[in-house]
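Q: Provided below for reference: sequence and predicted model.
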Amino acid sequence: MATWVLSECGLRPLPPVFLRQKTGPVLCHKSSKVRFLGSNKGVADLKFQPRGFTCCSFRERKWELRVSAPLRVASTEGEEEGEERINGGVNGVGEEEVAQFDPGAPPPFNLADIRASIPKHCWVKDPWKSMSYVARDVIVVFGLAAAAAYLNNWVVWPLYWAAQGTMFWALFVLGHDCGHGSFSNNPKLNSVAGHLLHSSILVPYHGWRISHRTHHQNHGHVENDESWHPLPEKIFKSLDNVTRILRFTIPFPLLAYPIYLWSRSPGKTGSHFNPNSELFVHSERKDVITSTICWTAMAALLVGLGFVMGPIQLLKLYGIPYVIFVMWLDLVTYLHHHGHEDKLPWYRGEEWNYLRGGLTTVDRDYGWINNIHHDIGTHVIHHLFPQIPHYHLIEATEAAKPVLGNYYREPKKSSPIPFYLIGELVRSLKKDHFVSDTGDIVYYQTDPSITSSSTSK
């Protein structure tokens, strides 16, 4: 293990991770193609890959999450309006226009406008600062476990489970940053830290990193999105009644993540542990195998600890906090894309592009938990620009709000403990069931049978 860590963290000059040119080729998503604008060589059309366009050859081994927001995303109204649409659009609307705001309409700004509003220092990644957060969280995790084991009484254990499960979720967020490459500019460091953080909580680092890349590159797309995407009506109605009811009845949706890792969502196949899964391309097989081996090693370690300390003690120290962590993960990821008081659009075909899909994301306030889980509630800017480190997300969001206008939905303020989110989850599960099989801009519809079932319980 030590040899592997030293090898993976070897220092060497690194190429820039993300495109930041002010001139030169500019990416523009439209429909199923990627267009290069502004090049002296003219316009070249490339077929868009299912998992999103990357500027790297598949023969190159890239450890960081290979998704960076395109430099420029064209709205369906065209790019030529430029600054006129910013000055006369969202920022200049009257009361009547605000009342008639359509969240599914093309925004009067583009991705470059949002990017330009964010201070330059918000893009800077500090590996020492990132590692300090890892050190903080790891110290808290071991401190909580030691205190609970020492005190060992049934007044302490429930408090420990809630606190430790939340800390497991915090570790996950830091590993998630490693996968995005927002942890540092060193892909080797990102990989080592990501494997250690994610394997410790039974997450296959590369397997999940790659599927999460697919989610970011296709956010807001009915068919191509990867996590918590809506079920088309045909797939929804093909589910048996038990599956259909469990999917929308608490607490079962909050326990979905381990199942998703092994079998994905209804209508999709593949496993995050299988290198031959359709989730991955051939060049990613070695990465997936590496992560599956690390996951297996952690599972074996837990079995060994079960023999040493006994299965009951292992359940109390690790098993129940793991379940709390899974519930945090499912709650947070679901509510970042569902449950807003106004219905949010989902897209298909010509109506979808990277910007419009990202604008369907919702920010959430978690009270005291905001700092503990590294401000992942500031999710809109994270989705549009996943390369921004978590410790700059709040500032970047504040700077971008004047550009986003009505397309930014101010989150409800939370009490110190965000219990209100349970109500948001329940309301969404009662009404957000499926979307139409047709249409390029669709909204969730409700199955009355599920609503009546949940009401009668």
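A: Thanks, I have the structure now.

Q: switch to C-alpha atoms for all contacts and neighbour counts from now on
A: Noted.

Q: List the residues that contact V222.
A: V222 makes contact with 229-232, 346-348, according to C-alpha atoms under 8 Å, 6 or more residues apart in numbering.

Q: Just the pLDDT for it.
A: Listed pLDDT for V222 reads 95.

Q: how far does stretch 332-348 sit from the chain's center?
A: Centre-to-centre, stretch 332-348 and its host chain are 13 Å apart (C-alpha atoms, centre = their mean, to the nearest Å).

Q: Could you do stretch 346-356 as well?
A: The answer for stretch 346-356 is 18 Å, by C-alpha atoms, centre = their mean.

Q: ends of that stretch, how far apart?
A: From its first residue to its last, stretch 346-356 covers 9 Å (C-alpha to C-alpha, to the nearest Å).

Q: tell me the secondary structure for G339?
A: coil (DSSP: H, G, I helix; E, B strand; the rest coil).

Q: For it, grab phi and psi.
A: Main-chain torsions, G339, degrees, to the nearest 10: phi 80, psi 10.

Q: what residues are up against it?
A: 424-425, 427-428.

Q: repeat that for 7 Å
A: Residues counted as contacts of G339 (C-alpha atoms under 7 Å, 6 or more residues apart in numbering) are 424-425, 428.

Q: can you put the contacts of V222 in TSV and add pLDDT, distance to I259 and neighbour count?
A: Converted to TSV, the contacts of V222 look like this (pLDDT from 0 to 100; distance: C-alpha to C-alpha, whole Å; neighbours: other C-alpha atoms under 10 Å):
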residue	pLDDT	distance to I259	neighbour count
H229	89	16	20
P230	92	17	25
L231	93	17	21
P232	94	20	19
W346	97	24	26
Y347	97	26	24
R348	95	27	19
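
Q: Which of those fall in strands?
A: Among the contacts of V222, the members falling in strands (DSSP state E) are 346-347.

Q: can you give me the strands in this protein?
A: Under DSSP E, the chain gives strands at 26-30, 33-37, 45-47, 346-347, 441-442.

Q: measure V362 to V222 for me?
A: 17 Å.

Q: Ok, R136 next?
A: From R136 to V222 the distance is 39 Å (C-alpha to C-alpha).

Q: Run through the helices of the stretch 201-350 of the chain in chain order.
A: Secondary structure of the stretch 201-350 of the chain by DSSP state H, counting those that start in this stretch: the helices cover 205-217, 233-238, 241-247, 257-263, 285-309, 311-314, 320-335.

Q: Give the buried residues for the last one.
A: In terms of neighbour count (16 or more other C-alpha atoms under 10 Å), helix 320-335 has its buried residues at 320-332, 334-335.

Q: Closest one of these to G377?
A: Closest approach between these and G377, by C-alpha to C-alpha: V332, at 7.9 Å.

Q: What sits closest to that closest one if chain neighbours are left out?
A: Once flanking residues are discounted, V332 sits nearest to G377: 7.9 Å by C-alpha to C-alpha, 6 or more residues apart in numbering.

Q: Do I have it right that that neighbour meets D365?
A: Yes - with contact taken as C-alpha atoms under 7 Å, G377 and D365 are classed as touching, separated by 6.1 Å.

Q: so how many other residues sit close to L144?
A: Neighbour count for L144, taken as other C-alpha atoms under 10 Å: 19.

Q: how near is it to E351?
A: L144 is 49 Å from E351, by C-alpha to C-alpha.

Q: ok, now I250?
A: For I250, the distance to E351 equals 33 Å [C-alpha to C-alpha].

Q: so where's the protein uncertain?
A: For the chain, the stretches flagged by pLDDT under 70 are 1-99, 451-457.

Q: what about 50?
A: For the chain, applying pLDDT under 50 flags the ranges 1-98.

Q: I250 and E351: which has the busier surroundings?
A: Between I250 and E351, E351 has the larger neighbour count (other C-alpha under 10 Å), namely 20 against 15.

Q: returning to what we had before: show me the one of the helices of the stretch 201-350 of the chain that comes nearest Q164.
A: Shortest distance between Q164 and the helices of the stretch 201-350 of the chain, using C-alpha to C-alpha, is found for helix 320-335: 5.6 Å.

Q: Pick out whichever of the buried residues of helix 320-335 sits closest to T166.
A: Closest to T166, out of all of the buried residues of helix 320-335 and judged by C-alpha to C-alpha, is F325, at 6.0 Å.

Q: thinking again about what came up before, for the helices of the stretch 201-350 of the chain, give me TSV that also has distance to N110.
A: Output for the helices of the stretch 201-350 of the chain, formatted as TSV (distance: least, C-alpha to C-alpha, whole Å):
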stretch	distance to N110
helix 205-217	17
helix 233-238	32
helix 241-247	36
helix 257-263	34
helix 285-309	35
helix 311-314	51
helix 320-335	25
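
Q: Of these, which is nearest G439?
A: Ranking the helices of the stretch 201-350 of the chain by proximity to G439 (C-alpha to C-alpha) places helix 233-238 first, at 12.0 Å.

Q: All good on my end, thank you.
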